[in-house]
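Participant: what follows is a predicted protein model with its sequence.
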Protein chains: 2
Amino acid sequence: MTAQTIPDRCETCVIRHRAICAALTKDELKSMNRIARQRIIAAGQVISSELEPGTAFANIVSGVVKLTKTLADGRQQIVGLQFTPDFLGRTFAEENPYSAEAATEVELCSFPKAEFESILKRHPGLEHRLFADTLNELDAARDWMLLLGRKTAEEKVATFLHMLAKRVPNIGCTHSEELNYARFILPLTRGEIADYLGLTLETVSRQMTKLKKSGVLNVIDNRDITVPSMDALSQVAGD
Amino acid sequence: MTAQTIPDRCETCVIRHRAICAALTKDELKSMNRIARQRIIAAGQVISSELEPGTAFANIVSGVVKLTKTLADGRQQIVGLQFTPDFLGRTFAEENPYSAEAATEVELCSFPKAEFESILKRHPGLEHRLFADTLNELDAARDWMLLLGRKTAEEKVATFLHMLAKRVPNIGCTHSEELNYARFILPLTRGEIADYLGLTLETVSRQMTKLKKSGVLNVIDNRDITVPSMDALSQVAGD
DNA sequence: CGTTATGTTGATAGCCGTCAACATACGTGG
DNA sequence: CCACGTATGTTGACGGCTATCAACATAACG
């Protein structure tokens, strides 16, 4: 067995087999481990700013990160939400096209820009993995364009909750695919949800109330959401 | 000199040095040429359908292709516009996440799926180029999310025309970057523009009239657009 | 010359944004 | 422990931007 050659913290890492690290050989993993650094980011802290040069890349070990773009007069749009084993950072660009901000407390496994790009250059397998991830993100972005351009406020909120239920850790149940039930904690405020859906926070609040009254949701304490039937939610979401 | 080893039609190809072919060595170019086939698609024809397996990839030699997604009840959103030397096709996925349709007459240089993927697997340089292109498309998609979620109808139309002026061949002038003037032919109908901007065709028409009256545009024959000052247009676009 | 596709303009309606008041939770400091 | 300020969330009243419905104009085409 050569398992001992894997760095300890990678061996015990919860995202070892789901993050980009899954695409690495043992030697590559060692190189990555040598430059990796763990970081805890408090909720609300900016990780990297729009139009400024990036300094690092990172895996999200836990927590939720929002990617935002802002117009000159302050109007803001969340253009991406990233969850647990997602990779953070725009490769092959000097400047960030958007800001990254911790929506919850976030745990990162971070890599300095220059060193990471140097490893990337030498390992086509890693680049292939990043490419595949990027294609999936592009698909997700285009799904969201359909939502932003053509869905009603109610459909937008329902679609958002449906997506969250599938991507965020659920409470007190396994992540069984057949399970037609979900319970989770909202990682975003009403205002942030609005910025993700192209709405105002008041409209988001009203639609949540509406979904609650129609029995599609049970809401405890404003952040603790229960979905009795994911099928019903999917119905309201419009696709 | 080894220039003679480049296939004739590639040697004379107008997108030879701008399409993905620019990332190929002479030998790779020969392999690609062997499987390439020229195709002319009439305006309005579907190139590939949503949720169906793709059968080919292609370079756009000339023309404009729209990528669309449609909800069950018929609401449609254009999630991408592709122009002259863009690459068409979703690598590493069985099914297309969206439809591709010719907006104008389109000239393609097309490659069968299996053969292209086989070449791709053997040539990391080609994959690197596709990766870089995909990252740019993701950035563009996120810019569009900001437009769809947060911009007004007038800003949307102005942003769209500004983007077109920079990407579509202009009439009677070089593509000089400093030139604060543009003239081009709209490749889309009012209805298609609406589907790209998350509006109705009536609203698009009204905003075009408004921009015309305010002097930001000169419109001849509904499709022939002149922009006297790109700066002024950019101003109205809101960024 | 009729038919169809495309585009413009007007009247009206409705969804969602804006403004505002109030409720609740949380943390800080007296 | 309570007072206070701040952040977050809900609900109501009202208004405006954009969708809807409709009539008409123009161009393209067989």
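Facilitator: Structure received.
Participant: so residue A:149 touches residue B:147, yeah?
Facilitator: No - shown here, residue A:149 and residue B:147 do not form a contact pair, counting by Cβ atoms under 8 Å, at 9.2 Å. Glycine gets a C-beta too; all of them are placed from N, C-alpha and C.
Participant: so what sits against both of those two?
Facilitator: residue B:197 (Cβ atoms under 8 Å, 6 or more residues apart in numbering or on different chains).
Participant: who's in contact with residue A:130?
Facilitator: Contact analysis of residue A:130 by Cβ under 8 Å, 6+ apart lists A:20, A:87, A:91, A:120, B:131.
Participant: beta partners for the second one?
Facilitator: It stands for residue A:87. residue A:59 (DSSP bridges).
Participant: who does residue A:107 bridge with?
Facilitator: Bridge pairing for residue A:107 - DSSP bridges - gives residue A:40, residue A:62.
Participant: pLDDT value on it, please?
Facilitator: On the pLDDT scale, residue A:107 is placed at 96.
Participant: please apply the same query to the one 3 residues further on.
Facilitator: Predicted confidence (pLDDT) for residue A:110: 96.
Participant: show me what the host helix or strand of it is packed against.
Facilitator: Using DSSP states H and E, residue A:110 sits in strand A:106-112. If you count contacts as 3 or more Cβ pairs under 8 Å, 6 or more residues apart in numbering or on different chains; DSSP states H and E, strand A:106-112 packs onto helix A:26-35, strand A:37-41, strand A:56-62.
Participant: can we see that at 10 Å?
Facilitator: Based on contacts counted as 3 or more Cβ pairs under 10 Å, 6 or more residues apart in numbering or on different chains; DSSP states H and E, the elements that strand A:106-112 packs against are helix A:26-35, strand A:37-41, strand A:46-48, strand A:56-62, strand A:87-88, helix A:113-122.
Participant: ok now the fifth one, how far from the chain's centre?
Facilitator: Centroid separation for strand A:87-88 versus its chain: 9 Å, with Cα atoms, centre = their mean, to the nearest Å.
Participant: which SSE is immediately downstream of it?
Facilitator: In N-to-C order, the element after strand A:87-88 by DSSP H and E is strand A:99-102.
Participant: now do that following strand: everything it contacts.
Facilitator: With contacts defined as Cβ atoms under 10 Å, 6 or more residues apart in numbering or on different chains, strand A:99-102 is touched by A:40-52, A:54, A:58, A:60, A:63-70, A:76, A:78-80, A:82, A:88-90, A:106, A:108, A:187, A:192.
Participant: ok so, going back, list just the nearest of the contacts of residue A:130 to DNA strand C.
Facilitator: Set against DNA strand C, the nearest of the contacts of residue A:130 by Cβ to the nearest atom of the strand is residue A:87 (31.2 Å).
Participant: correct me, but that closest one touches residue A:137?
Facilitator: Yes - the pair residue A:87 / residue A:137 is scored as a contact, 9.4 Å apart, by Cβ atoms under 10 Å.
Participant: the helix or strand harbouring residue A:192: which residues count as buried?
Facilitator: Using DSSP H and E, residue A:192 sits within helix A:190-197. For helix A:190-197, the neighbour count (16 or more other Cβ atoms under 10 Å in any protein chain shown) marks A:190, A:192-197 as buried.
Participant: same check, this time on stretch A:85-105
Facilitator: Applying a neighbour-count criterion of 16+ other Cβ under 10 Å, one finds A:85-91, A:96-104 buried in stretch A:85-105.
Participant: DNA strand D contacts on chain A?
Facilitator: Chain A has residues A:186, A:189-191, A:201-202, A:204-206, A:208-209, A:219, A:222-223 near DNA strand D, with proximity defined as Cβ under 7 Å from any atom of the strand.
Participant: just give the closest residue to residue A:125, not the sequence neighbours.
Facilitator: In space, residue A:125 comes closest to residue A:23 once its chain neighbours are excluded; the distance is 5.4 Å by Cβ to Cβ, 6 or more residues apart in numbering or on different chains.
Participant: what's the neighbour count on that neighbour?
Facilitator: Using other Cβ atoms under 10 Å in any protein chain shown, residue A:23 is surrounded by 17 other residues.
Participant: residue A:78 reaches residue A:189, doesn't it?
Facilitator: No - under the criterion of Cβ under 10 Å, residue A:78 makes no contact with residue A:189, lying 11.5 Å away.
Participant: next up, phi/psi of the closest residue to residue A:70 other than its chain neighbours, please.
Facilitator: Nearest residue to residue A:70, sequence neighbours excluded (Cβ to Cβ, 6+ apart): residue A:76, at 4.7 Å. Backbone torsions of residue A:76, given as degrees, to the nearest 10, read phi -120, psi 150.
Participant: what about residue A:76, how many neighbours?
Facilitator: Counted with other Cβ under 10 Å, residue A:76 comes out at 19.
Participant: list the contacts for whatever residue of chain A ends up closest to DNA strand C?
Facilitator: Using Cβ to the nearest atom of the strand, the closest approach of chain A to DNA strand C is made by residue A:203 at 3.1 Å. Residues near residue A:203 by Cβ under 10 Å, 6+ apart: A:153-154, A:156-157, A:190, A:193-194, A:197.
Participant: which of those are close to chain B?
Facilitator: With Cβ under 10 Å from any Cβ of the partner chain as the criterion, the contacts of residue A:203 include A:156, A:194, A:197 near chain B.
Participant: now do the second one, the pLDDT please.
Facilitator: Model confidence at residue A:194, given as pLDDT, is 98.
Participant: from residue A:141, how far out is it?
Facilitator: Note on residue A:194: its distance to residue A:141, by Cβ to Cβ, to the nearest Å, is 19 Å.
Participant: returning to what we had before: OK, contacts around the residue nearest to residue A:70?
Facilitator: Counting by Cβ under 10 Å, 6+ apart, residue A:76 touches A:66, A:68-70, A:99, A:191-192, A:194-196, B:146, B:149-150.
Participant: please report how far the residue nearest the centre of chain A lies from residue B:45.
Facilitator: Chain A has residue A:82 as the residue nearest its centroid, 1.4 Å off, counting by Cα atoms, centre = their mean. Using Cβ to Cβ, residue A:82 is found at 38 Å from residue B:45.
Participant: quick one, domains of chain A?
Facilitator: A:2-145, A:152-237 (automatic domain parsing).
Participant: in CSV, list these along with distance to residue B:235.
Facilitator: Output for those, formatted as CSV (distance: least, Cβ to Cβ, whole Å):
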stretch, distance to residue B:235
domain A:2-145, 11
domain A:152-237, 23
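Participant: let me know which of the ones you listed is the nearest to residue B:236.
Facilitator: Within the domains of chain A, the stretch nearest residue B:236 is domain A:2-145; the backing value is 12.8 Å (Cβ to Cβ).
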